[in-house]
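**Q** sequence-free structure coming up:
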Ligand code: ADP
Ligand code: MG
């Protein structure tokens with residue numbers, strides 16, 4: 001789960017990370033009022049969307065008066081901000097963060113990520129802040145400082161000092177940097193984060209180390225342990241298909257193709273998507289219905305896949321171990337009876353109770369296209385979708 005910049009700043013400041021003073025607003029009037037409360041004469045108005053790259057896309061504006069704050073907000077509220085991280089559809093702006101503008105001397109990149117090869121949290125930092133980490137690693141790879149944290153002892157002071165020195169920080173700034181690094185690490189590990197990114201972390205003209213931007217993502221599977229984090233969820237920023245799936249306990253990722261996939265197990269789901277591609281089609285989603293799926297759960301999965309208007313064929317691929325093919329078949333039949341489905345449905349079942357499952361499909365009287373192997377299933381799905389099916393292979397609700 002991702003959260004907004006202002007939320008990440010609040011979380012991190014509770015762990016001792018210094019940030020500029022700022023306040024949230026839901027309207028231009030409120031933004032101007034917030035600026036007055038903050039005081040000073042230069043403010044930054046920042047669109048709160050779950051994506052980076054806002055600066056270049058017009059989502060971060062420097063304002064010198066209340067009037068300019070109004071103008072900046074008028075351009076933001078209710079619009080979709082399209083940055084290189086949002087995809088072409090963009091993300092809606094419903095909140096802005098008004099922050100005191102700070103005099104920047106230096107910009108640093110700071111990230112905490114999970115390093116899969118060492119299975120540890122890794123600090124990735126660079127003296128070239130302001131640029132995206134992808135750009136830094138392409139253009140200035142030598143500027144990147146990496147440091148792996150030993151989980152048994154956490155981020156030690158000497159290690160944080162080493163990072164600070166490797167970034168070329170002056171001795172008088174090192175203690176603030178250590179506090180920032182340790183605060184980020186503590187937030188990361190205490191709250192089951194998967195990513196903390198501060199880009200830029202700045203050194204101000206008056207020698208303060210401040211997080212000017214902040215991004216945090218959390219492990220969905222651990223959210224139940226952190227109610228104060230899970231309540232920060234903002235569904236307006238999520239793909240509606242994915243939020244609906246998350247609400248139903250299904251693991252779903254929306255894609256751009258038109259063959260909907262209903263599969264059990266993440267590995268099989270990946271293999272199914274690959275096989276669809278191999279057969280010349282494009283998957284519309286990744287969907288793992290999990291083990292022990294009841295007919296109701298399968299029917300839910302159908303509803304979810306069909307809510308995507310791009311879906312022109314559905315491929316159900318089940319390898320039943322803990323699952324039962326007869327339950328899945330019942331779920332398929334139940335969904336097809338309930339929903340108005342006028343696109344081809346291909347079902348491949350294997351494993352536990354496969355004969356019963358096949359019988360249920362055959363006896364349903366529904367024009368379900370059956371397949372025995374995964375390759376055959378993918379080819380039939382792609383073939384059915386490409387051939388613009390004749391009426392008798394279409395499934396209609398009764
Ligand atoms: P994004 O990464 O989405 O583009 P940032 O929060 O990093 O958004 O802001 C973009 C740029 O705007 C920063 O690199 C920084 O130069 C400037 N900026 C952001 N907040 C402030 C601030 N409070 N004071 C001065 N400059 C700021
Ligand atoms: Mg940034």
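**A** Looks like it arrived, so ask away. Quick caveat, the model's predicted, so the values are computed rather than measured. Numbers count the residues shown, from 1 in each chain. Ligands and ions are numbered 1, 2, ... in the order given.
**Q** Only C-alpha atoms from now on, for both contacts and neighbour counts.
**A** Noted.
**Q** Would you mind listing what in the stretch 151-300 of the chain touches ligand 1?
**A** By CA under 6 Å from any ligand atom, the residues of the stretch 151-300 of the chain that approach ligand 1 are 199, 200, 212, 213.
**Q** What's the mean pLDDT across the strand or helix carrying residue 199?
**A** Assigned by DSSP states H and E, residue 199 belongs to strand 193-204. Taken as a whole, strand 193-204 has a mean pLDDT of 97.
**Q** following it, which helix or strand comes up?
**A** Going down the chain from strand 193-204, the next helix or strand is strand 209-211, by DSSP H and E.
**Q** And that next one, what does it pack against?
**A** Applying 3 or more CA pairs under 8 Å, 6 or more residues apart in numbering; DSSP states H and E, one finds that strand 209-211 makes contact with helix 171-190, strand 193-204.
**Q** Now tell me what touches that strand from outside.
**A** Outside strand 209-211, the residues within contact range by CA atoms under 8 Å, 6 or more residues apart in numbering are 9, 17-20, 173, 176-177, 198-204.
**Q** switch to 6 Å and redo it
**A** Contacting residues not belonging to strand 209-211 are listed as 18, 19, 201, 202, 203 [CA atoms under 6 Å, 6 or more residues apart in numbering].
**Q** Would you mind listing the residues in contact with the last one?
**A** By CA under 6 Å, 6+ apart, the contact list for residue 203 reads 105, 106, 209.
**Q** Highest neighbour count among the residues you listed?
**A** Among those, the one with the most neighbours (other CA atoms under 10 Å) is residue 209, at 26 neighbours.
**Q** Am I right that residue 34 is in a strand?
**A** No: applying DSSP: H, G, I helix; E, B strand; the rest coil, one finds residue 34 to be helix, outside a strand.
**Q** got a list of what whichever residue of the stretch 101-250 of the chain sits closest to ligand 1 touches?
**A** Sorted by distance to ligand 1 under CA to the nearest ligand atom, the residues of the stretch 101-250 of the chain start with residue 101, at 3.4 Å. Going by CA under 6 Å, 6+ apart, residue 101 touches 42, 43, 44.
**Q** Let me have the residues of the stretch 151-300 of the chain next to ligand 1 in JSON lines, extended by distance to residue 296 and neighbour count.
**A** Below are these laid out as JSON lines (distance: CA to CA, whole Å; neighbours: other CA atoms under 10 Å):
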{"residue": "199", "distance to residue 296": "45", "neighbour count": "25"}
{"residue": "200", "distance to residue 296": "48", "neighbour count": "24"}
{"residue": "212", "distance to residue 296": "47", "neighbour count": "21"}
{"residue": "213", "distance to residue 296": "44", "neighbour count": "20"}
